[in-house]
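Participant: predicted model follows, preceded by the sequence.
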Amino acid sequence: MADAPTDEPTHRALGLTDDEYGMIRDRLGREPNHLELAMYSVMWSEHCSYKSSRIHLRRFPTEAPWVLVGPGEGAGVVDVGDGIAAAIRIESHNHPSAIEPYQGAATGVGGILRDIFSMGARPIAVMDPLRLGPLDDARSRWIAEGVVAGISGYGNSVGVPTVGGETVFDECYADNPLVNVLCLGIMPSERLVLGRAEGPGNLAVLLGSTTGRDGIGGVSVLASAGFSDDEADAQKRPSVQVGDPYEEKRLIEACLELLERNLAVGVQDLGGAGITCATAETAAKGGSGMDVWVDTVPQREPNMEPFEVMTSESQERMLAIVEPAQLDAVLEIAERWEIRANVIGRVNDSGCLRVFDREGGDLLGDVPAVSLEDEAPLYDRPREEPADLAERRADSADALAAPDDPGADLLELLCDTSWVWSQYDHMLFLNTVEGPGGDAAVLRLKHPTTGEDTGRGLALTTDGNHLWGAVDPRRGAAMTVAESVMNLAVVGARPLALVNCLNFGNPEHPEVMWQLSESVDGITEALAAFGFPCIGGNVSLYNESRGRDIDPTPVIGVLGVVDQLTTPPPGTRLVEGGRLVLVGGADPALSGSAWAASRGHRGRGELPSFDPAAVAAAAEAVRELVAAGLVLGAHDVARGGVALTLAEMSVRSGVGFTAARLAGHANLFGESSGRAVLCVDPDQLRVVLDVLDARGVPHQRIGVAGGDRLVVKDQFDLALDHATAVWRDRLPDTLGTGTTQG
Amino acid sequence: MTFDVVVDVQLRPGIADPQGATIERALPALGFEGVRGVGVGKSIRFTVEADDEAGARALVQDMCDRFLTNPVIEDATVSLRAAQTAG
Amino acid sequence: MAADIAVIRFPGTNCEFDVVEALGSVGATGRVVFHDETSLGVADAVVVAGGFAHGDYLRPGAIARFSPIMDAVRSFAEQGGPVLGICNGFQVLTEAHLLPGALQKNAGLKFRCGEATLRVETARSAITNRATVGDLLRIPINHFEGNYTCDDDTLAELRADDRIVVRYVDNPNGSVDDIAGICNAGRNVVGLMPHPERAMHELLGSTDGRVMFESLLSAAGVDLSPIG
């Protein structure tokens, strides 16, 4: 071996514990050298190995007849009919975005796209759920502008539409924004590709960008450590990577072409842990080993050390496993798309990842591939419910004083997010029937090869609610799944599969691990009740700033299908003269609501009761009504309660309403699950009510749409003009008209 | 000979410069008073081989005219000097 | 036989297949031609599709203009063949000097994606010969550098020669004189910032792009069945 055995401080400096160091020594039967330690440190980092969360993630239901690939691969894949498979994945890029908002968000988009096209699917849509600090804070505004500009700059240029997401502002995300990104791709079912390095003698071809020092230590240092403003953390900043959407665009076209022509045995993206991860993962999954020749990797900077080459996270790179006979054809495609392609190694049958300085040269490192990939430590970290939980739960928001002016409280909740999504190309590929700003995006489903319209649609929603999570992470997570299901229902879609991005605080805090475990249980219970599986996820821990953990924020993405897409969904709107029907039964409890938070009441009391069977029945009835064309407008009830639902329908369509039978502020602002407001043509009202009755779904006629005022009898009476201006101007007035970032 | 070249590309006078204007508006808010005439452009750096400085200058000017700037909206200022050779 | 339209694809172009789909819906065949080709083949018209050719690095269109296929596009245009540059394609055509002026960053310094309303200003162009002056068309925009600019003489000439093809009703980007599209002196080369291919289907919210593609086919001498 080239290096002398390392002394103890090295492994600690790399983020490995003494116990982990011992495990490595035992596995190798000798002392690891520095290169090997560096490879273990990135592969066994929280970010790559999920060592703190894996034990919990196993509880998700992951199977259904339509699931082609479940969790554990680059992306989950489901059969959506007509010979089409859909690949979907969600990820976080929280910590990089806190440091360099533009590039952090941009490279987040780049990374998720590679996960999708490495499966053989063409990315057709991105969603960006964002959680940012309060707008009255200058740094949070800088982060908000940079993140949005980064998603816009990268996503638009790489040529994948951003069709939706969320924008949430809250003080718990100051200095630690949550920048999650979801990508959906489609492919002909027969093209499904898995990242496998099979067949000794096959070549490992590195495609795309050069390898530099950017991102070295990124996964272990950046993603696994909290931030403060002190000097030591400032030192970590050089790890930020810079995205190149033009390189990625050519990489997408080249990789899809070589998969379409069957020229690769497997393809793997280079994400966290770079070449180490891609080679170890493909070798481990293929039951083989891999030789890597460091000098063949195109390097951006002189004098890079082997460990730097092996762990760099430079962006826009892919690894293809290619039979020698196909190499020339692969190189030809690469040349046509003007991307670099270099053979950097060869599949072997040793089961080991062997790193050489050059082909036939010195062996620098030699470790079992599975030990990097599958044998990372698994921690069941201590978890403990908060000591004051009982006391907190006893403090209900229902005891808060009723508002003097509910209309004023409602106006505070209104926020048009088009400032964000008008900066994203959301129309490319001519699929976007319902774009950002609605409850769920709806896309035409065209065959990925022939372009033939199937007459059906795919629907996508992302949802999260940290205020619910702070009160009760378990029920809050279940309610989030319910919100996704209802968001799909109002556009006429039924759910097929869920992915999740679990954003939590420091896992070394037992309360955070309790939150995580509870959230997993909540999602699991909801999925069992709703009858669809989880096919992938991502965990982001250490989301904390100045020693404070963020509220538990599981973000849910659900893919649904619209069986017949002949007209656009009714949308979040009112139509003059339409009758308003509130679907679903309510528990008028205010704890966890946005209204309660506006009174400083957070993380206390108990969430509204939750009956998943009732939610499922209500959602299915709404979906049927929408699909049958019996509804003029439809919007789910979630954050802000029925009051915000009605107000959003009103300002988005420019039609007022007069409602009654919503006595007390709890009926206005309570956020009980499984509800939606429908706007129904008076001539269709009887039919709609009959359907709801037949399904046993509770419902209430609450008023009529029309006029130029927003009125709830005995509660508030607002001018539509005023409400619209407040809604429309909130973000532009705060964030200004443009940014000079990027 | 090798020359170090910096091409400074700026918008031509009279062409709207929204980035410059935005920065100029933002500076007083941060306490920087008295700043006027902010212009945002780009700088392009490279080395070029030529027989002498005049030759290098002619070559770079041609690049600017045909490729590095859009003369409809941009002007370029070329800075050029002989590169320090090692040893 | 269906009209054959060459749709130019540079590395970084991303609207080429959308244009092909749109052409298909007016009965024409879009044929994607890669930038490294030197011939357009037998084409009735050319569309330079939108996207980010060469990443928009240096300036949008600055590198694309030197691609091998651009010589063929230039001679096709010089012989009077209809050429439509959409969005990034418009930027490429100005950089290639097939159209005057330039496209700068939007006045609002933001990328803008959304619907725009255009007023048809002349029926004498390759994309409006089947429209009527004053028609209002709802066509999406999607750009960061769509702010059309030119010197005063050029603007005067564009106005005098009736070469402003469409104007924005509500200017989204600061374009001089609300210009959304212009044509060359021969009226066969048109640059258009908005995306008519995104307005071809009821499900997508507008079918107002059809008249532009139908006009393009007319300009190419393709016999269109009577339209209502």
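Facilitator: Arrived safely, thanks for sending.
Participant: can you tell me the average pLDDT over the one helix or strand residue C:85 maps to?
Facilitator: Per DSSP states H and E: residue C:85 is located in strand C:83-86. Taken as a whole, strand C:83-86 has an average pLDDT of 98.
Participant: what's next to the one helix or strand in chain B whose mean pLDDT sits lowest, contact-wise?
Facilitator: Least confident element among the helices and strands of chain B, by mean pLDDT, DSSP states H and E: helix B:18-29 (a mean of 81). Helix B:18-29 has contacts (C-beta atoms under 8 Å, 6 or more residues apart in numbering or on different chains) with A:738, A:740, B:11, B:33, B:35-40, C:105-109, C:174. Bear in mind the C-beta positions are built from the backbone N, C-alpha and C, glycine included.
Participant: filter the residues you listed down to the buried ones.
Facilitator: A:738, B:11, B:40, C:105, C:106, C:107, C:108, C:109, C:174 (16 or more other C-beta atoms under 10 Å in any protein chain shown).
Participant: among those, name the ones in strands.
Facilitator: residue B:11 (DSSP state E).
Participant: show me where pLDDT drops low in chain C?
Facilitator: For chain C, the stretches with pLDDT under 70 are C:224-228.
Participant: tell me where it has strands.
Facilitator: Under DSSP E, chain C gives strands at C:4-9, C:29-34, C:45-48, C:83-86, C:102-104, C:112-120, C:136-143, C:147-149, C:164-168, C:179-183, C:189-192.
Participant: next one: the host helix or strand of residue A:42 to chain centre, how far?
Facilitator: In this assignment (DSSP H and E), residue A:42 forms part of helix A:34-43. Relative to its chain's centre, helix A:34-43 lies at 28 Å (C-alpha atoms, centre = their mean, to the nearest Å).
Participant: what is the mean pLDDT for the helix or strand that that helix is followed by?
Facilitator: With elements assigned by DSSP H and E, the helix or strand that comes after helix A:34-43 is helix A:46-49. Taken as a whole, helix A:46-49 has an average pLDDT of 89.
Participant: list the buried ones in the least confident helix or strand of chain B?
Facilitator: B:18, B:19, B:20, B:21, B:22, B:24.
Participant: of these, closest to chain C?
Facilitator: Of all the buried residues of helix B:18-29, the one sitting nearest chain C is residue B:18; the distance, using C-beta to the nearest C-beta, is 5.2 Å.
Participant: can you list the residues of chain C near chain B?
Facilitator: Residues of chain C lying close to chain B (C-beta under 8 Å from any C-beta of the partner chain) are C:58-59, C:62, C:66, C:94-95, C:100-102, C:104-109, C:147, C:149-151, C:174.
Participant: quick one: name the residues of chain C near chain A.
Facilitator: By the rule C-beta under 8 Å from any C-beta, the part of chain C lying against chain A is C:11-12, C:14-15, C:17-18, C:21-22, C:34, C:36, C:51-52, C:54-57, C:108-114, C:140, C:142, C:144, C:195, C:197-198, C:200-201, C:203-205.
Participant: if we go to 7 Å?
Facilitator: C:11-12, C:14-15, C:18, C:21, C:51-52, C:54-57, C:108-114, C:140, C:142, C:198, C:201, C:203-204 (C-beta under 7 Å from any C-beta of the partner chain).
Participant: same question for chain B.
Facilitator: Looking at chain A, the residues of chain B close enough under C-beta under 7 Å from any C-beta are B:19, B:22, B:23.
Participant: which one of those residues is nearest to residue C:180?
Facilitator: The closest of those to residue C:180 turns out to be residue B:19 (C-beta to C-beta; 22.7 Å).
Participant: isn't residue C:116 right up against residue C:166?
Facilitator: No - using C-beta atoms under 7 Å, residue C:116 is not in contact with residue C:166, being 9.7 Å away.
Participant: who has more neighbours out of those two?
Facilitator: Neighbour tally, residue C:116 and residue C:166, criterion other C-beta atoms under 10 Å in any protein chain shown: the higher count belongs to residue C:166, 31 against 23.
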